[in-house]
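Student: With the input below, show me the fold.
(one chain, ligands or ions: 1)
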Amino acid sequence: MAEECSGNCDSCGESSACSDTKKMMEQQNRVIREKMDKIKHKIAIVSGKGGVGKSTVTVNLAATLNQMGYSVGVLDGDIHGPNIPQMLGVHDVQPTGDENGIMPIVTQQGIKTMSIGYFLPDQDSPIIWRGPKASGAIKQFLSDVSWGELDFLLIDTPPGSGDIQLTTLQSIPDIDGMVIVTTPEEVSVMDARKSVGTAKVLEIPIIGLVENMSGFVCPHCDEVVDVFGKGGGEKAAKALSVNFLGPIPLDVRAREASDKGIPMVTLDCKASEEFKKIVDKIVKIVKKQ
Ligand code: ADP
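Tutor: Sure thing, here's the model as predicted:
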């Protein structure tokens, strides 16, 4: 292939396959822009490492926005570990489609969602795909799913700063920004700082940082124990000059509910109060931008 592609395949003698691929990508990007233009706010939920509660935060932000009356969609960008269908309580359904594209799955509360998980024969089937194929699936979820008009689309991105995360973040036109999820201990905070670096390189605004698993609520006495320490996320947010959105405690009831597909914000618990405060802040920030 020529070192620098001018886009004029006739003049460089490049194969027509190159030109066709380029045209298809341009067409897909046009469709993505048209679809994303109908969505008022697009927010990526990111984390530097797995297991910090990124999907949990995504689902609960979505459920809180939904409770506040906003129309919400959740795109599960975690191709290799798609947990959103289970967490939203809609894992036993299969998407349908028409000439306009794939219809998103709609939860009982009215949250629209799409995940690679809906296309697997069963929940235990792994996705053994290399980066480009997985990134292609994300682009298809943006271009081929009939999201319709929405107030918010939350995108649960895979952890880290690899292929799929980069494609996701770079494929969403006019993205409002990212919410970074961390736990309070130093190793997680260190990785969250890398997410801040990624945002800067990609020139994507950082809406703020959430400290999940910030203390453990004892199910017997309601006392809070700081299993992973406390305040690491808040300190890092201050040092990095990004908004601290708030702490979410570890709550056994919340985890049990999540496993059953019930977002913790529908329970009467401390975490649910914190989510409401966090969502209020996010709404204010994105509406000001
Ligand atoms: P990630 O998306 O970062 O890999 P998950 O959202 O899948 O992490 O969370 C990992 C596990 O921790 C899940 O079982 C989830 O229910 C649980 N979890 C996350 N946050 C909390 C919390 N605040 N309280 C209780 N359990 C939590």
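
Student: buried ones in stretch 222-233?
Tutor: 224, 228-233 (16 or more other C-beta atoms under 10 Å). All C-beta atoms are positioned from the backbone trio N, CA, C, and that covers glycine.

Student: Skipping its backbone neighbours, what lies nearest Trp129 in space?
Tutor: Leaving aside its sequence neighbours, Trp129 sits nearest to Ile79 (C-beta to C-beta, 6 or more residues apart in numbering; 6.9 Å).

Student: likewise Phe244?
Tutor: Ala237 (3.9 Å).

Student: Work out for me the element that neighbour sits within.
Tutor: Here Ala237 sits within helix 232-239, counting by DSSP states H and E.

Student: Return the residues of the stretch 1-150 of the chain in contact with the ligand.
Tutor: Contacts of the stretch 1-150 of the chain with the ligand, taken as C-beta under 6 Å from any ligand atom, map to 47, 50-56, 83.

Student: Can you tell me which of these are buried?
Tutor: 47, 52-56, 83.

Student: Would you agree the residue nearest to Phe244 is in contact with Asn243?
Tutor: Yes - applying C-beta atoms under 8 Å as the test, Ala237 and Asn243 come out as touching, 6.7 Å apart.

Student: Determine the residues that are contacts of both of these two.
Tutor: 208-209 (C-beta atoms under 8 Å, 6 or more residues apart in numbering).

Student: just checking, what packs against the helix or strand harbouring Met190?
Tutor: With secondary structure defined by DSSP H and E, Met190 is part of helix 186-202. Where contact means 3 or more C-beta pairs under 8 Å, 6 or more residues apart in numbering; DSSP states H and E, helix 186-202 is packed against helix 163-171, strand 177-182, strand 206-217, helix 232-239.

Student: Could you list the low-pLDDT ranges of the stretch 1-150 of the chain?
Tutor: Residue ranges of the stretch 1-150 of the chain with pLDDT under 70: 1-15.

Student: all helices in it, in order from the N-terminus.
Tutor: 9-12, 16-37, 54-67, 84-87, 131-143 (DSSP state H, counting those that start in this stretch).

Student: before we move on, the earlier item: so the helix holding Met190, near the ligand or not?
Tutor: No - Helix 186-202 stays clear of the ligand (C-beta under 6 Å from any ligand atom), getting no nearer than 9.8 Å.

Student: got the angle for that helix vs helix 232-239?
Tutor: Here helix 186-202 runs at an angle of 40 degrees relative to helix 232-239 (axes from the mean of the first three to the mean of the last three C-alpha atoms, to 10 degrees).

Student: Next, the angle from helix 186-202 to helix 163-171.
Tutor: Counting by the same axes, to 10 degrees, helix 186-202 lies at 40 degrees to helix 163-171.

Student: surely Phe146 meets Met103?
Tutor: Careful, residue 146 is Ser and not Phe. Yes - Ser146 is within contact range of Met103, at 5.7 Å (criterion: C-beta under 8 Å).

Student: circling back: send me the helix holding Ala237 as CSV with only the CA atoms.
Tutor: Taking Å, rounded to 0.1, in the frame of the first residue of the first chain, the C-alpha atoms of helix 232-239 are listed here in CSV:
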residue,chain,number,x,y,z
GLY,A,232,-8.1,8.1,47.3
GLY,A,233,-10.3,9.0,44.4
GLU,A,234,-11.2,12.4,45.8
LYS,A,235,-7.6,13.2,46.5
ALA,A,236,-6.6,12.1,42.9
ALA,A,237,-9.5,14.2,41.4
LYS,A,238,-8.2,17.3,43.3
ALA,A,239,-4.6,16.7,42.2
